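> just coords:
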């Protein structure tokens, strides 16, 4: 949800703000993607009497290896003047399930396709409620169990959510978030990743006061009926300064690739591999490697402070042809494949010396 965004200082240049928000809103999107059971919301007086049962036809607990990739666009307005998105304001990001516990709880990693953005862990209970988040500098525990979608949802249902958080580290998160939600329609929508039967939900936050301005969040999301996973979202952050000036940030996200083992459905995309990678090489020589995979599937990594580098092109299945460059001289090509979204490796050789290399998604 947009209410989980980190607090931002006012007055930054639009380009800087959009670059930061492209990271922060990507994290917010995964909170919209969680969901599950819980208490029902009370229908409004004019809501249809017919109850539409949207309880999951499959268990909402995912399977290790499931992933969901999104493309996000960001825009910025001051008053009535929109600012066109810059390259920094368009990003893809992927949530991949890394662990599933015996009790049905699970952990997934959110990775943004940019060199400067480390992965964030999200920890969920078996019913889909969020327990905690964690990255390199900060961990946050959520002290109240709340649900973004009541299990006995019907069109017209309304409910509220309120979160309290305990920060452990240099987090700079808002400590509370309060939202009102309403299920407004059942819609079949088509996005880049396919066609889905969804629940359309509109959410609005209570005004949050900051130094020099007040902020509200508005969000419309479309969630898959059977898993409650996010399919599409449009989020808007509105700021009103004490002098009456207005600023808005608008982010839209759309599913571009996914794999769900329990549903037996998938739509693979290259962007899920994008982002920073780091690892090491060993054998006759040993050292560290780091590099990136682009959103078009190009792997470029440097090892041993320039001793050699690894380059190649990856397809949607994670397979590719790579080659080594040693002291600026291109070596022999070899084929390889990602063992998972988070690991790739192979062999290297330089004259009579040889060994292995491995990279992990950061």
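Great, that's in hand. Everything quoted here is computed from the prediction, not taken from an experiment.
> Residue 227 in helix, strand or coil?
coil (DSSP: H, G, I helix; E, B strand; the rest coil).
> isn't it right up against residue 66?
No: counting by C-beta atoms under 8 Å, residue 227 sits too far from residue 66 to count as a contact (9.6 Å). Using the backbone N, CA and C atoms, a C-beta is placed for each residue, glycine as well.
> of those two, who's got more company?
Comparing residue 227 with residue 66 by other C-beta atoms under 10 Å, the one with more neighbours is residue 227, at 27 against 22.
> distance of that one from residue 183?
Taking C-beta to C-beta, to the nearest Å as the measure, residue 227 falls 16 Å from residue 183.
> From residue 92, how far out is the closest residue to residue 270 other than its chain neighbours?
Sequence neighbours aside, residue 297 is the residue nearest to residue 270 in space, at 4.1 Å (criterion: C-beta to C-beta, 6 or more residues apart in numbering). Counting by C-beta to C-beta, the separation of residue 297 from residue 92 is 12 Å.
> cool, and residue 343?
For residue 343, the distance to residue 92 - C-beta to C-beta - is 20 Å.
> Tell me, how many residues neighbour the residue nearest to residue 270?
18.
> next structured bit after the helix-or-strand element of the chain with minimal mean pLDDT?
Lowest by mean pLDDT, DSSP states H and E among the helices and strands of the chain is strand 42-43, with a mean of 38. Sequence-wise, the next helix or strand downstream of strand 42-43 (DSSP states H and E) is strand 67-78.
> quick one: buried residues of that next one?
67, 68, 69, 70, 71, 72, 74, 75, 76, 77 (16 or more other C-beta atoms under 10 Å).
> Let me have those in JSON lines, extended by distance to residue 304.
As requested, these are exported to JSON lines (distance: C-beta to C-beta, whole Å):
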{"residue": "67", "distance to residue 304": "31"}
{"residue": "68", "distance to residue 304": "36"}
{"residue": "69", "distance to residue 304": "32"}
{"residue": "70", "distance to residue 304": "35"}
{"residue": "71", "distance to residue 304": "35"}
{"residue": "72", "distance to residue 304": "35"}
{"residue": "74", "distance to residue 304": "38"}
{"residue": "75", "distance to residue 304": "43"}
{"residue": "76", "distance to residue 304": "42"}
{"residue": "77", "distance to residue 304": "48"}
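> Out of those residues, which is nearest to residue 353?
residue 67 (36.8 Å; C-beta to C-beta).
> Okay, helices next: where are they in this protein?
With helices called from DSSP state H, the chain shows them at 14-33.
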